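Colleague: output the structure for:
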Amino acid sequence: MRSRSKTRAHGFTLVEMLVAMALGLIVLGAAVQLYTQGVSATWSVSQRAEMQQDFRAAADMLTRDLSLAGSGLGNNVQIALPAGTGTLPVYGCSQTACYLNGTGAAYPTQGGQPYLYGLMPGWKFGPVLNGAVPTDTVTVVYTDDSFYLSCYSVKITSATTARFTVPTILPANCVLPSTLTAPQAVNDPVVGFTPGDVVWFSLTSAIVGVGAGATSSPVIAEVTGVGSLSGTAPNQYYDVTFAANDALQMNQPTAASGDLANVLNWTGSATRILVITYYIDNTINPPRLMRQVSGHQPMPVAENVVFLQFSYDLYNSATAAPVINQADGGASQGLTPNQITKINILHMAMSSTLHGVTGYQGLDLQTSVSARNLTYQNNYPQ
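Modeller: Prediction:
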């Protein structure tokens with residue numbers, strides 16, 4: 001017969017099992033905590049890097065546009081706009097809406113006459129964010145060098161139409177890059193005219209003495225329609241429409257001055273100009289810094305921009321003295337925007353969010369930009 005073993009196999013006791021489970025839970029909890037902290041740290045670092053990248057891109061775009069204010073428009077730019085109808089031209093609007101607190105901003109006036117300047121401050125034109133003071137906007141104007149419109153000859157054929165004739169011989173002021181043998185078509189789908197474009201005409205009258213002795217006049221108008229290529233070579237042309245009741249209220253055929261109707265049959269050249277407005281849009285969450293060009297739809301530049309504020313340094317030519325740090329662009333001092341010598345970005349603040357909490361991280365741009373294209377004079381404070 002086989003004898004049975006009398007050795008018993010012992011397992012864990014209930015106390016030992018409970019202790020082991022408790023230790024295991026402690027170790028597992030510590031591991032989960034470490035993992036959560038690692039993920040949170042990684043998210044914060046990546047968010048910080050992304051915010052810095054967005055902030056740098058927005059700051060570069062803003063300072064670049066500010067530095068170009070007035071470029072191509074000539075020294076001490078101050079171009080008269082249509083006047084005398086009771087309706088002032090505006091900026092900050094597209095073909096469908098206006099964006100500066102739901103409305104457009106009227107161009108600065110002197111004695112009731114509106115003028116376009118290379119730079120137009122927008123003190124408190126923006127929305128109030130987080131219960132703070134109203135934000136600012138800023139608008140800069142400069143010529144578009146990517147569209148070689150100066151190669152065309154222009155004639156004002158009606159109160160609302162300008163004819164752009166295709167050149168058979170390029171004029172002296174038409175300098176094309178080596179990649180082009182002819183200027184782009186006026187209706188080119190990439191760089192050509194579209195409704196909302198703003199055009200600066202430099203025109204001359206064939207009749208000496210028209211307009212109280214004037215033989216030349218600058219006129220600014222907004223494109224409302226673009227025709228196809230018409231005529232036969234060498235007399236081909238494009239008719240571009242500048243109809244009344246445009247979104248920017250720039251086309252006013254009944255105006256006493258400053259409109260195409262006042263320069264009928266005058267000839268000359270034209271240049272497309274960019275009227276660029278920066279503002280904060282708080283109608284969406286998070287708020288965005290927007291860039292709106294002429295009469296076109298605005299485009300977002302960066303999200304989570306929570307404050308925008310400027311001041312301006314000017315030169316008072318009457319007193320031969322600088323006037324610095326003017327929040328309203330010198331209007332309270334009786335100065336005009338073409339006397340601005342420096343733009344001070346007091347704040348372009350960006351904030352981030354972490355798990356729904358605003359302001360976890362933040363960046364703030366504070367710098368100054370020279371308005372070198374506005375005065376071309378040595379009028380800068382030392």
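Colleague: residue boundaries of the strands in the stretch 51-200 of the chain?
Modeller: 79-80, 90-91, 105-106, 109-110, 113-116, 119-122, 137-143, 153-158, 161-165, 198-204 (DSSP state E, counting those that start in this stretch).
Colleague: out of those strands, which is closest to residue 374?
Modeller: Of all the strands of the stretch 51-200 of the chain, it is strand 119-122 that lies closest to residue 374, at 6.3 Å by Cβ to Cβ. C-betas here are computed from N, CA, C, even on glycine.
Colleague: helix or strand for the closest residue to residue 54 other than its chain neighbours, just tell me which one.
Modeller: Spatial nearest neighbour of residue 54, excluding adjacent residues (Cβ to Cβ, 6 or more residues apart in numbering): residue 302 at 4.7 Å. Using DSSP states H and E, residue 302 sits within strand 299-303.
Colleague: so which of the strands of the stretch 51-200 of the chain is nearest residue 337?
Modeller: Closest among those, once you apply Cβ to Cβ, is strand 119-122, at 5.5 Å.
Colleague: direction included, what does the closest one pair against?
Modeller: Strand pairing for strand 119-122, using DSSP bridges, gives strand 137-143 (antiparallel).
Colleague: got the CA positions of the strand it pairs with in CSV?
Modeller: Provided in CSV are the C-alpha atoms of strand 137-143 (Å, rounded to 0.1, in the frame of the first residue of the first chain):
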residue,chain,number,x,y,z
THR,A,137,-7.7,99.1,-33.1
VAL,A,138,-5.1,100.3,-35.6
THR,A,139,-5.4,100.8,-39.3
VAL,A,140,-2.5,101.1,-41.8
VAL,A,141,-2.5,101.9,-45.5
TYR,A,142,0.1,101.1,-48.1
THR,A,143,0.3,100.3,-51.7
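Colleague: got the contact list for the residue nearest to residue 54?
Modeller: 54, 55, 57, 58, 288, 289, 350 (Cβ atoms under 8 Å, 6 or more residues apart in numbering).
Colleague: who does it bridge with?
Modeller: Note on residue 302: beta-bridge partners by DSSP bridges are residue 289.
Colleague: give me the local confidence score for it.
Modeller: Per-residue pLDDT puts residue 302 at 92.
Colleague: okay, it and residue 57: tell me how far apart.
Modeller: Taking Cβ to Cβ, to the nearest Å as the measure, residue 302 falls 7 Å from residue 57.
Colleague: so where's the stretch 251-382 of the chain shaky on pLDDT?
Modeller: 353-360, 375-382 (pLDDT under 70).
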